[in-house]
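Undergrad: have a look at this fold, sequence not included:
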């Protein structure tokens, strides 16, 4: 078996793969939800860094642009209302 990640010991990687294969559907969905929450948190942290004066509403709208694509986000949520 070849390793997927160069920074992970092959035995540990094999164990991770084994545990993922043994996880039930509910556990896999829970892990996916946690990954999505982490990705949103990281994205919002980056947006706060880039737009320190932005309101929470503006940050949520910018996040929608990242997640949905700007065209769809504009159709659904409207234009970005910049902080005053």
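TA: Noted; the coordinates are in hand. The model shown is predicted, which means the values in this text are computed figures rather than measured ones.

Undergrad: ok, then the element right after the worst-scoring helix or strand of the chain on mean pLDDT?
TA: Within the chain, no helix or strand scores below helix 10-22, which has a mean of 93 by mean pLDDT, DSSP states H and E. Note on helix 10-22: by DSSP states H and E, the next helix or strand toward the C-terminus is helix 25-50.

Undergrad: for that following helix, buried residues please.
TA: 44, 47 (16 or more other CB atoms under 10 Å). All C-beta spots, glycine's among them, are computed from the backbone N, C-alpha and C.

Undergrad: helix 10-22 and that helix, what's the angle between them?
TA: 120 degrees (axes from the mean of the first three to the mean of the last three CA atoms, to 10 degrees).

Undergrad: tell me which strands and helices the helix or strand just after helix 25-50 is in contact with?
TA: Next helix or strand after helix 25-50 toward the C-terminus (DSSP H and E): helix 56-68. Applying 3 or more CB pairs under 8 Å, 6 or more residues apart in numbering; DSSP states H and E, we find helix 56-68 packed against helix 25-50, helix 70-77.

Undergrad: can you get me a residue count around the nearest residue to residue 5 once chain neighbours are set aside?
TA: With CB to CB, 6 or more residues apart in numbering as the measure, residue 13 is the residue that lies nearest to residue 5, at 6.4 Å, once sequence neighbours are left out. By other CB atoms under 10 Å, 16 other residues sit near residue 13.

Undergrad: start at 46 instead
TA: Got it, first residue is 46 now, which makes that one residue 58.

Undergrad: is it true that residue 58 touches residue 49?
TA: Yes: using CB atoms under 8 Å, residue 58 is in contact with residue 49, at 6.2 Å.

Undergrad: where does this structure have low pLDDT?
TA: 46-48, 128-129 (pLDDT under 70).

Undergrad: again, only this time at 50
TA: Judged by pLDDT under 50, the chain has its weakly predicted residues at 129.

Undergrad: cool, thanks, talk later.
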